[in-house]
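# Give me a model of this one.
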Amino acid sequence: MNPKKHPFIFTPAVLLIPFLFIFSIWLVYWSEVRFGFRLNDYGVYPRTLKGLRGVIFSPFIHGSMRHLWNNTIPLFLLSAAIIYFYRSQRWTIFLVGLLGSGIITWLIGREANHIGASGFIYVLMSFIFFKGIITGYYRFVAVSLIIMFLYGGMLWYLFPIDNHISWEGHLGGFITGFLLAVFLPVVYTKEKFEWEKEEFIPDDDPFMRHFDEDGNFIENLPEETFEETKTEATVRIKYIYVDSSKNTEEE
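Sure thing, here's the model as predicted:
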């Protein structure tokens, strides 16, 4: 099937792209542990020219196994949801999300190296939630509510409740996701039920005949309505019996 004509179909990219991203951040952390070097200096360091390189590199750098693990599952699920539901816009969301969240962190962050993919996770979560509400399309609304049910608790970390957590990165990602949801157009086709189509004639439908033009239920239909639906049919019943004395069949 053509993904452009049928956007909501599963393709290998739905799992492959998130897997490659997850694999890359685990590979970076493994390299740090294996070879004994630290890449924290490549994080976002606010309001310095050197710190801008962290806009690109910081999502791939994590300070501990716990930090890495906490980002792995939501990063995989949210990026897979973006690829499946917003196939045509996925690269714009990923690229603008990474750059936007990093730049906002660079502008408002504390003087420290801000590392980790959590800012990007907040981009994806924010976009999915707000885009579903803005469009009102039932598929997008459903996935936005599921995401908020699973990760709604992350909203607490938009505020400075822990000095070891970059709430500025979270806030930057959340703002970037919201702006993408507002300004990034998403083209989709709303599926119509039979009664929503222009060619639908209510009087031709046995069920819809029980409702008037205002949607009120008609308890007793006029007799002529039933007459129109009647069809004449001749039924011929055929009996076959066997005369055991003659051993023949007769009608």
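# Show me where the stretch 101-250 of the chain dips below the pLDDT cut-off.
Applying pLDDT under 70 to the stretch 101-250 of the chain flags residues 189-215, 217, 219-250.
# would you list every one of the helices in the stretch 101-250 of the chain?
Per DSSP state H, counting those that start in this stretch, the stretch 101-250 of the chain carries helices over the ranges 118-135, 138-151, 167-183, 223-229.
# Please work out which of those helices is packed deepest.
Most buried of the helices of the stretch 101-250 of the chain, by mean neighbour count (mean count of other C-beta atoms under 10 Å): helix 118-135, with a mean of 24. Heads up, the C-betas are built off the backbone N, CA and C, glycines and all.
# Packing partners of that helix?
Applying 3 or more C-beta pairs under 8 Å, 6 or more residues apart in numbering; DSSP states H and E, one finds that helix 118-135 contacts helix 65-85, helix 90-108, helix 138-151, helix 167-183.
# Domain parsing of the protein, as residue ranges.
Using automatic domain parsing, the domains assigned to the chain come out as 13-183, 194-243.
# Would you mind finding the most buried of those?
Ranked by mean neighbour count, these are led by domain 13-183 with a mean of 18 (mean count of other C-beta under 10 Å).
# Report the separation between the two terminal residues of it.
Using C-alpha to C-alpha, to the nearest Å, the end-to-end distance of domain 13-183 comes out at 25 Å.
# Make JSON lines out of the helices of the stretch 101-250 of the chain and add distance to Pro18.
Formatted as JSON lines, the helices of the stretch 101-250 of the chain follow (distance: least, C-beta to C-beta, whole Å):
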{"stretch": "helix 118-135", "distance to Pro18": "10"}
{"stretch": "helix 138-151", "distance to Pro18": "15"}
{"stretch": "helix 167-183", "distance to Pro18": "17"}
{"stretch": "helix 223-229", "distance to Pro18": "55"}
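# So in the protein, which helix runs the longest?
Using DSSP state H, we find that the single longest helix of the chain is helix 13-35.
# still on that earlier bit, out of the helices of the stretch 101-250 of the chain, nearest to Asp41?
The closest of these to Asp41 is helix 167-183. By C-beta to C-beta, the value is 16.4 Å.
# Save the helices and strands packed on helix 118-135 as a markdown table, and put in distance to Val28 too.
Below are these laid out as a markdown table (distance: least, C-beta to C-beta, whole Å):
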| stretch | distance to Val28 |
| --- | --- |
| helix 65-85 | 9 |
| helix 90-108 | 15 |
| helix 138-151 | 24 |
| helix 167-183 | 17 |
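# Which one, of those helices, ends up nearest to Phe130?
Here helix 167-183 is closest among the helices and strands packed on helix 118-135 (C-beta to C-beta), at 3.6 Å.
# That closest one - contacts with which helices or strands?
Counting by 3+ C-beta pairs under 8 Å, 6+ apart, helix 167-183 packs on helix 90-108, helix 118-135.
# Can you add distance to Tyr157 and give the ones you listed back as a markdown table?
As requested, the helices and strands packed on helix 167-183 are exported to a markdown table (distance: least, C-beta to C-beta, whole Å):
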| stretch | distance to Tyr157 |
| --- | --- |
| helix 90-108 | 14 |
| helix 118-135 | 8 |
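# Nearest to Met65 among those would be which one?
For those, proximity to Met65 was assessed by C-beta to C-beta; helix 118-135 is nearest, at 15.0 Å.
# between that closest one and helix 65-85, how big is the angle?
Helix 118-135 runs at 30 degrees relative to helix 65-85, counting by axes from the mean of the first three to the mean of the last three C-alpha atoms, to 10 degrees.
# Can I get helix 118-135 in CSV? Just the C-alpha atoms.
Taking Å, rounded to 0.1, in the frame of the first residue of the first chain, the C-alpha atoms of helix 118-135 are listed here in CSV:
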residue,chain,number,x,y,z
SER,A,118,14.8,14.3,27.8
GLY,A,119,14.4,17.7,26.2
PHE,A,120,13.7,16.0,22.9
ILE,A,121,11.2,13.6,24.6
TYR,A,122,9.3,16.6,25.9
VAL,A,123,9.1,17.9,22.3
LEU,A,124,7.5,14.7,21.1
MET,A,125,5.1,14.5,24.1
SER,A,126,4.0,18.1,23.8
PHE,A,127,3.5,17.9,20.1
ILE,A,128,1.4,14.7,20.2
PHE,A,129,-0.8,16.1,23.0
PHE,A,130,-1.4,19.6,21.6
LYS,A,131,-1.8,18.5,17.9
GLY,A,132,-4.5,16.0,18.9
ILE,A,133,-6.4,18.7,20.8
ILE,A,134,-6.0,21.3,18.0
THR,A,135,-7.1,19.0,15.1
